[in-house]
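1. What would the 3D arrangement of this be:
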Amino acid sequence: MPPATPPPGSERSFLHRVVLAYGIGMLFILVLAALWYGAEVLLLLFACALFAILLYELSRRMARRLPMRRGVALAIVAVVLAALMGGGGWALAPQIAEQAAELGSVVPDAIERLRAAVAQNPFLHSILSDLPSAEQIRKQLTAMVPNAGLVFSGVFGALGNAVIILCVGLYFAAQPTLYIEGFIKLIPQPRRARAREVLDAIGDTLARWLVGKAVSMIVVGVATAAGLWALDVPLAMVLGLIAGLLDFIPYIGPLMAGVPAVLIAFSHSPELGLYTMLLFLAIQLAEGYLLSPLIEARSVSLPPALTIAMQMLFGALFGLAGIALATPLAAVLSVLTAMLYVEDVLGDAPPKPPDGA
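-> The predicted structure is shown next:
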């Protein structure tokens, strides 16, 4: 019996499907490669978007409470922030620079004195034997800024990153509709309305989280500096500044901020070191059980394990910048998962919005 002849056009259809499958596979690989090699640029753009959301939210609230246009409110917010950063930097820069330079030498010396003090105790000596040497600490402190991540490296690179975040964030905040609508046009028309809903939900979540986090950072920084000054711990101002900035990173940030302060205090006396540990413990307990629940109640409740896992992943890939941006990235992923998968794919009811939203 002769073999059946394939229907006309079947070979062409098969080749078309093969070419289409290979094309989609190559496109997927190219997208992954672009994400991998351009990840630091995308991370920098995400930081710009975060700053833009903060500016937009502050200007929106000002325009809502005062009879003015949002553009005027944005200009006022930008001028006030520039004045605060410029005036505060001009007034405090000499003292902070002096204390920061002293911090780089005090911390390694404190570790050496602590190592010598416990050398006579076998149990403590075995625990502290893994501490790095003073020279290693100095090298790590020197390399901390160049390895901070994002696009540029080095001290001037960190300033370049900050300038890009400030300028691009201001442009985003001035005309958010321009960029949002440009992105929406890349979405197929039947899904554009849903895309707008998702972007609005992400923006609202990040805005509430950022405003609350800014308040938390200021409270932690001021409380830490005041407490260290009351305890007569050296370098109280720069240590308070470090504590406030690192409070942006939950769980890991407070630990990173407390280590140098405790080491410096222990180098003066064990009692002062103990009081410093209690001070940081009290501040973090108040922040963790009072401020953070209020922030999460008005934004998004992230599981602690997810936050820590994201910090470990992005920290391993992008350094300190990845750790700092891990929490807002986790918030974005939480919104995307809830809306695009749980609601759209699984068909479940949308989760209850946070209190005060």
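
2. For the rest of this, base every contact and every neighbour count on C-alpha atoms.
-> OK.

3. What distance do you get for residue 234 to residue 262?
-> For residue 234, the distance to residue 262 equals 11 Å [Cα to Cα, to the nearest Å].

4. Of those two, give the one with the bigger neighbour count.
-> More crowded of residue 234 and residue 262, by other Cα atoms under 10 Å: residue 262, with 23 against 18.

5. Give me the helix or strand of this structure that scores worst on average pLDDT.
-> helix 134-144 (a mean of 53; mean pLDDT, DSSP states H and E).

6. Next SSE downstream of that helix?
-> Counting by DSSP states H and E, the next helix or strand C-terminal to helix 134-144 is helix 154-174.

7. average model confidence for that following helix?
-> What helix 154-174 shows for mean pLDDT is 77.

8. elements contacting that helix?
-> With contacts taken as 3 or more Cα pairs under 8 Å, 6 or more residues apart in numbering; DSSP states H and E, helix 154-174 sits against helix 39-65, helix 70-117.

9. What residues sit buried inside the shortest one?
-> Within helix 39-65, the residues that qualify as buried by neighbour count (16 or more other Cα atoms under 10 Å) are 39-40, 42-60, 62-63.

10. Residues in contact with stretch 164-179: which ones?
-> 44-45, 47-53, 55-56, 71, 74 (Cα atoms under 8 Å, 6 or more residues apart in numbering).

11. Sort out which one of these lies nearest residue 328 for me.
-> Ranked by distance to residue 328 (Cα to Cα), these are led by residue 50 at 8.4 Å.

12. roughly how far apart are that closest one and residue 256?
-> 23 Å.

13. if we can go back for a sec, least reliable of the helices and strands packed on helix 154-174 by average pLDDT, please.
-> Looking at the helices and strands packed on helix 154-174, the lowest mean pLDDT belongs to helix 70-117 (a mean of 68).

14. Phi, psi for residue 319 please.
-> Dihedral angles of residue 319 (phi, psi; degrees, to the nearest 10) stand at phi 80, psi -150.

15. now residue 268: how far from residue 227?
-> According to Cα to Cα, residue 268 and residue 227 sit 17 Å apart.

16. actually residue 334, not the one I typed
-> Taking Cα to Cα, one finds residue 334 at 36 Å from residue 227.

17. any chance you could map the helices in the stretch 151-300 of the chain?
-> 154-174, 176-184, 192-230, 236-246, 252-268, 270-286, 292-297 (DSSP state H, counting those that start in this stretch).

18. okay, these in a markdown table with distance to residue 306 next?
-> What follows is those, written out as a markdown table (distance: least, Cα to Cα, whole Å):
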| stretch | distance to residue 306 |
| --- | --- |
| helix 154-174 | 27 |
| helix 176-184 | 28 |
| helix 192-230 | 16 |
| helix 236-246 | 19 |
| helix 252-268 | 14 |
| helix 270-286 | 20 |
| helix 292-297 | 14 |
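
19. which of those helices is buried the deepest?
-> Comparing those by mean neighbour count (mean count of other Cα atoms under 10 Å), helix 236-246 ranks first with a mean of 23.

20. Excluding its own residues, what touches that one? List them.
-> 96, 99-100, 217-226, 228-229, 253-254, 256-258, 260-261.

21. one more time with 7 Å
-> Under the criterion Cα atoms under 7 Å, 6 or more residues apart in numbering, residues 96, 99-100, 217-218, 220-222, 224-225, 228-229, 253-254, 257, 261 lie in contact with helix 236-246.

22. Let me know the closest of those residues to residue 309.
-> Set against residue 309, the nearest of those by Cα to Cα is residue 253 (14.5 Å).
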